[in-house]
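[1] using only what follows, build the 3D model:
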Amino acid sequence: MKKLLLPTVILFSVILNAQKITVFYKEKRVPTQVSTRQEQFDPEEFSEYRTEIKKIIAAMRADKDKDSTQIFREMLQEQADKMSAHSMKKRRKPLEIPEYDFITVLKVDHKKSLYYPQEKVSNDTLSETRTNEKGRKYTREHINYNDSEIIYVDRTSKKIVSSLKIHEFDQRGRTFLIEEELEQLQWTLIKETKKIDQYICYKAILNNSDKKVEAWYTREIKLAHGPKGYYGLPGLILELKEDKRTVSFYKIHVLPEDGFELKPPTEGEKISREELKDLPAKLFNEY
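    Sure, this is the predicted structure:
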């Protein structure tokens with residue numbers, strides 16, 4: 001019993017006093033946006049509307065009363081609107097994509113941290129082909145857009161640097177680089193606890209944010225960092241809920257096999273946080 005107890009005590013002491021660790025988190029994700037494009041027009045899909053239009057045109061030509069011309073025009077417009085609605089419904093039909101595990105990494109070195117995706121984030125393009133009764137093939141293309149974020153926090157120099165790709169409103173695949181001063185995050189500490197893996201965690205709510213943020217941190221690892229650039233709690237954040245997104249603890253390396261040096265990201269078009277917030281309206285006007 002004593003032989004087992006000694007290594008456990010040593011490991012707990014190492015975890016408690018760790019200053020350089022690597023933490024892995026898991027998040028359930030789907031692509032942030034799915035757009036579809038029908039490359040060819042399928043006349044068979046609109047045969048019902050085309051038949052109805054032909055009947056209206058024939059009736060209009062046979063009718064000799066000019067006063068009824070406006071009525072026929074309204075009937076034609078109604079059919080055209082139905083065709084357009086049908087077409088847009090087909091084009092905008094989203095592709096059903098299952099959730100997948102998105103793994104992110106948090107490296108912490110004393111008062112510095114770097115948060116990034118474990119694997120390079122890319123966009124997927126899928127195509128499906130179908131054949132009508134006459135043997136003619138039609139192709140529909142689905143583009144799955146995925147966001148990514150690299151966030152560097154330095155609590156000594158009070159600096160945070162973010163490299164972001166946000167396809168929700170920018171489908172050009174651009175990367176934006178934001179450098180900011182580190183503000184004081186105002187947390188409300190709650191006595192509620194739960195166990196995550198082997199760690200006792202405490203609940204905290206962030207007050208000064210336009211998002212609903214809930215964190216679960218452990219005092220067993222006294223590093224005031226966490227995923228997605230959050231910091232300032234009396235322990236490492238193992239679970240984070242940001243609005244509808246949840247980033248959960250996956251695994252931890254307390255003793256890194258090789259040393260690492262944390263550096264801020266440099267890739268991206270420099271922009272301020274305010275400019276990023278105004279970008280959706282700006283891009284909408286451009287398009």
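[2] quick check: phi and psi on the nearest residue to Lys111 once chain neighbours are set aside?
    Closest residue to Lys111 apart from its sequence neighbours, by Cβ to Cβ, 6 or more residues apart in numbering: Arg155 at 4.1 Å. C-beta here means a position set from N, CA and C on the backbone, and glycine is covered the same way. Main-chain torsions, Arg155, degrees, to the nearest 10: phi -80, psi -20.
[3] you'd agree Arg155 is up against Gly229?
    No: contact between Arg155 and Gly229 fails when scored by Cβ atoms under 8 Å: they sit 11.4 Å apart.
[4] who has more neighbours out of those two?
    Here Arg155 and Gly229 are compared on neighbour count by other Cβ atoms under 10 Å; more neighbours surround Gly229, at 21 against 16.
[5] I'd guessed the more buried one sits against Ser163; true?
    No: Gly229 is beyond contact range of Ser163, at 11.3 Å (criterion: Cβ under 8 Å).
[6] specify the beta-bridge partners of the nearest residue to Ser272 once chain neighbours are set aside.
    Spatial nearest neighbour of Ser272, excluding adjacent residues (Cβ to Cβ, 6+ apart): Ile178 at 6.8 Å. According to DSSP bridges, the partner residues bridging Ile178 are Ser162.
[7] dump the residue contacts of Ile178.
    With contact set as Cβ atoms under 8 Å, 6 or more residues apart in numbering, Ile178 has these partners: Val161, Ser162, Leu164, Lys270, Ile271, Ser272, Arg273, Leu276.
[8] name the nearest of the residues you listed relative to Ile200.
    Relative to Ile200, the closest of those is Ser162; by Cβ to Cβ it sits at 30.9 Å.
[9] for the stretch 1-150 of the chain, which residues score under the pLDDT cut-off?
    1-18, 31-46, 64-67, 84-97, 121-146 (pLDDT under 70).
[10] apply 90 and report the result again.
    1-20, 28-102, 110, 118-148 (pLDDT under 90).
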